[in-house]
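Q: Please work out how this folds:
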Amino acid sequence: MRSSATLPLDLTLQFGQFKAAAAHRTLLKRADVARWVSHALARPGEIAVRIVGEDEGRALNLQYRGKDYATNVLTFDYAREPVVMADLVLCGPVVEREAREQRKPLQAHYAHLLVHGTLHAQGWDHESNERDALEMEALEILLLGSLGLDNPY
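A: Coordinates of the predicted model:
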């Protein structure tokens, strides 16, 4: 990964409608989201981040992955070179529930999932085999550590 200070990022941050959307909007400052995403980019990026409720998250996961539940993060990658172009969709209620269950700050869990999704947008994969999963996990730990965040695993 290159220094995020040298890589341009065109970031769009959107919030869908769900019960705690206002609280999530207050928590997720655009500057923080841009810093977390930029930190995981190896090249310039055009990234849209959308925080959604469970209904929208479930519908997207069913439509695009055939899985009938809301998941924490979905990555839709459109291009990897010369610019990373992707949509990252995070399900706010799922992220909040996971953070509570894992006893970690909600903001830190969002940072982890945004780094995770940004790596997916660049071709990183943890579902193919154990070696790739371990490499991706190690990179996430390194990136989050350099952001001053604890190991999420």
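Q: use CA for all of it now, contacts and neighbours both
A: Noted.
Q: Low-confidence stretches in this protein?
A: Along the chain, segments meeting pLDDT under 70 span 1-6.
Q: Report the secondary structure state of the most centrally placed residue in the chain.
A: Geometric centre of the chain, nearest residue: residue 114, 2.2 Å, by Cα atoms, centre = their mean. Following DSSP: H, G, I helix; E, B strand; the rest coil, the label given to residue 114 is helix.
Q: How about it, nearest residue that isn't a chain neighbour?
A: residue 37 (6.1 Å; Cα to Cα, 6 or more residues apart in numbering).
Q: part of a helix, is that neighbour?
A: Yes. Assessed with three-state DSSP, residue 37 lies in a helix.
Q: what's near enough to touch it?
A: Shown in contact with residue 37 (Cα atoms under 8 Å, 6 or more residues apart in numbering): 114, 115, 118.
Q: With residue 45 instead?
A: Counting by Cα under 8 Å, 6+ apart, residue 45 has contacts 7, 8, 9, 10, 11, 38, 83, 84, 85.
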